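# Need coordinates for the below:
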Amino acid sequence: MASRAVIAPTEQNQPRGENKQKNMGVEGRNRKVLQDIQNLVINPADLGANANVTKRLTRAQLAALAQAAAEKNKNFVPATRVEQAQKPAESEVIVISSDEESEEVKEKQAVRERKIRERSTKKIVKTFSSVLSARSKAACRVVPKDFVENIDASDKENELAATEYIDDIYKYYKLSEDDVRVHDYMASQPDINVKMRAILIDWLIEVHRKFELMPETFYLTLNIVDRFLSTKAVPRKELQLVGISSMLIASKYEEIWAPEVNDFVCISDNAYVREQVLVMEKTILRNLEWYLTVPTPYVFLVRYIKASTPSDKEMESMVNFLAELSMMHYATVSSYCPSMIAASAVYAARSTLERSPFWTDTLKHYTGYSEEQLRDCAKLMASFHSAAPESRLRAIYKKFCSSDRCAVALMTPAKNLSSES
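You can find the predicted model right below:
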């Protein structure tokens with residue numbers, strides 16, 4: 001294959017030629033390989049007067065020079081690679097790529113074009129069933145199911161939220177709640193009944209509000225009372241003593257500034273003396289084996305209210321109203337575990353406030369309960385809500401009739417749960 005020869009610069013143009021020679025070397029290494037352009041190797045001696053031409057020649061000039069050289073030497077043979085290596089150093093030769101390399105490029109280009117043609121000619125085949133399903137979805141306007149929302153995403157920067165461990169914590173709560181769950185114990189109590197228990201809790205709610213205690217204290221108090229009554233028979237005259245002693249223990253556990261013993265003696269209208277309260281406190285702790293770190297319904301309420309998105313003050317007040325109202329009734333406490341009571345309160349509250357849908361995939365994920373599992377307990381709560389205005393035990397009803405709790409007790413009970421019940 002022919003090569004292109006470049007005329008070496010003259011001595012008078014040597015400084016400028018040196019810079020061009022350096023640039024030519026770099027440019028030669030980086031330029032793309034050329035095809036055969038039928039250039040001829042020309043001897044500088046044959047150029048005569050044109051020997052001093054510069055390196056940059058036009059195609060017309062090169063063609064004229066090549067024709068003149070061909071006429072002069074009819075037996076011209078293209079220079080081979082060996083001849084190029086033997087040429088004087090004054091003419092720099094650029095080697096053009098071989099025919100084999102050009103054939104490889106052409107072969108790759110042909111394969112690439114064949115693949116493009118195959119992709120363009122390939123037809124998209126749709127099955128009959130897929131077409132029908134797509135048309136039916138478009139006609140029925142199928143709404144996709146709710147996705148599970150990450151309710152802890154906003155608390156990642158809050159170290160107190162413990163977002164890395166919160167799921168494991170509640171898994172432990174669900175596993176350990178059966179250990180402290182209260183079962184039916186009224187058969188073992190000869191001197192008290194369900195009504196007396198409701199009267200005691202109604203009074204404890206007023207005491208709780210009077211001392212302005214935390215919600216955790218109220219739920220732990222009821223847990224202590226029920227667990228103690230399930231282990232020991234209590235006379236009717238000591239039932240109130242069990243109540244104030246349980247609240248004293250819960251206050252010491254949950255509150256920063258717990259009420260003193262004398263405060264409970266005064267609020268019970270001096271029905272008991274200080275020593276009786278302390279003796280009952282020791283008796284309760286001994287029977288419960290000092291086991292006070294228990295998952296109450298309030299522990300689950302905090303989590304499930306957060307999962308009931310979007311949550312607001314009205315929703316929170318309604319959930320707490322239904323939960324506290326159900327805790328006063330022995331049928332709820334003895335039949336359902338704390339997590340189910342909390343989940344049912346959220347479900348009944350959403351039904352009462354007509355938050356659609358009543359139960360979401362997010363709530364099902366975080367509570368572990370389906371709507372069907374909660375329906376029976378939610379019916380009980382709706383019936384308690386309906387009977388609250390006419391009940392003699394009105395402490396909870398009055399508490400949630402106030403404007404600071406959005407007066408949720410005055411709202412109409414859930415129609416979908418009340419009609420079924």
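# how does the protein divide into domains?
For the chain, automatic domain parsing gives the domain ranges 4-100, 181-287.
# Show the contacting residues for the nearest residue to His329 once chain neighbours are set aside.
Once its chain neighbours are removed from consideration, His329 has its nearest residue in Phe384; the separation is 6.1 Å (Cβ to Cβ, 6 or more residues apart in numbering). C-beta coordinates here come from the backbone N, C-alpha and C atoms, glycine included. Applying Cβ atoms under 8 Å, 6 or more residues apart in numbering, we find Phe384 in contact with Leu322, Leu325, Ser326, His329.
# Please apply the same query to Ile224.
The neighbourhood of Ile224, defined by Cβ under 8 Å, 6+ apart, consists of Ser246, Ile249, Ala250, Ile284, Leu288, Leu292.
# In which helix or strand does it reside?
Secondary structure here is read from DSSP states H and E; on that basis Ile224 sits in helix 215-229.
# Who are the packing partners of the following helix or strand past that helix?
Per DSSP H and E, helix 215-229 leads on to helix 239-254 as the next helix or strand towards the C-terminus. Counting contacts by 3 or more Cβ pairs under 8 Å, 6 or more residues apart in numbering; DSSP states H and E, the secondary-structure elements packed against helix 239-254 are helix 194-211, helix 215-229, helix 261-267, helix 274-287.
# Comparing the ones you listed, which comes out most buried?
Stretch with highest mean neighbour count among those: helix 215-229 (a mean of 22; mean count of other Cβ atoms under 10 Å).
# what's the angle from that helix to helix 274-287?
What separates the directions of helix 215-229 and helix 274-287 is an angle of 80 degrees, with axes from the mean of the first three to the mean of the last three Cα atoms, to 10 degrees.
# Let me know the average pLDDT across helix 215-229.
Model confidence over helix 215-229 averages 95 on the pLDDT scale.
# now it against helix 194-211, angle please.
Compare the direction of helix 215-229 with that of helix 194-211 by the same axes, to 10 degrees and you get 150 degrees.
# Is it correct that Phe300 is in contact with Tyr173?
Yes - at 7.0 Å, Phe300 counts as touching Tyr173 under the criterion of Cβ atoms under 8 Å.
# Mutual contacts of those two, please.
With Cβ under 8 Å, 6+ apart as the test, Phe300 and Tyr173 both reach Ser339.
# Which one's more surrounded, these two?
Neighbours were tallied for Phe300 and for Tyr173 using other Cβ atoms under 10 Å; the higher tally belongs to Phe300 (26 against 17).
# excluding its backbone neighbours, what's nearest that one?
With Cβ to Cβ, 6+ apart as the criterion, Phe300 has its nearest non-adjacent residue at 3.6 Å, and that residue is Ala342.
# Only the buried residues of whichever strand or helix holds that neighbour, if you could.
Using DSSP H and E, Ala342 sits within helix 338-352. When burial is assessed from 16 or more other Cβ atoms under 10 Å, helix 338-352 yields the following buried residues: 338-352.
# Surely Ala258 forms part of a strand?
No - with DSSP: H, G, I helix; E, B strand; the rest coil as the criterion, Ala258 is located in coil rather than a strand.
# State the number of residues packed around it.
Using other Cβ under 10 Å, Ala258 has 18 other residues around it.
# Which residue comes closest to it once chain neighbours are left out?
Closest residue to Ala258 in three dimensions, ignoring its sequence neighbours and counting by Cβ to Cβ, 6+ apart: Ser251, at 3.8 Å.
# For the residue nearest the centre of the chain, give its distance to Asp167.
With distances taken as Cα atoms, centre = their mean, the residue of the chain nearest its centroid is Asn150 (3.8 Å). Remark: distance between Asn150 and Asp167 (Cβ to Cβ, to the nearest Å) = 11 Å.
# likewise Ser383?
For Ser383, the distance to Asp167 under the criterion Cβ to Cβ works out to 34 Å.
# Ok, Cys266 next?
Where Asp167 is concerned, Cys266 sits at a distance of 45 Å (Cβ to Cβ).
# can you check Tyr291 too?
The span separating Tyr291 from Asp167 equals 24 Å under the rule Cβ to Cβ.
# Ok, Val194 next?
With distances defined as Cβ to Cβ, the gap from Val194 to Asp167 amounts to 37 Å.
# My read is that Glu238 contacts Val277, right?
No - here Glu238 lies out of contact with Val277, judged by Cβ under 8 Å, at a distance of 11.1 Å.
# and Tyr170, how many neighbours?
19.
# Skipping adjacent residues, who's closest to it in space?
In space, and not counting its chain neighbours, Tyr170 is closest to Arg303: 6.1 Å by Cβ to Cβ, 6+ apart.
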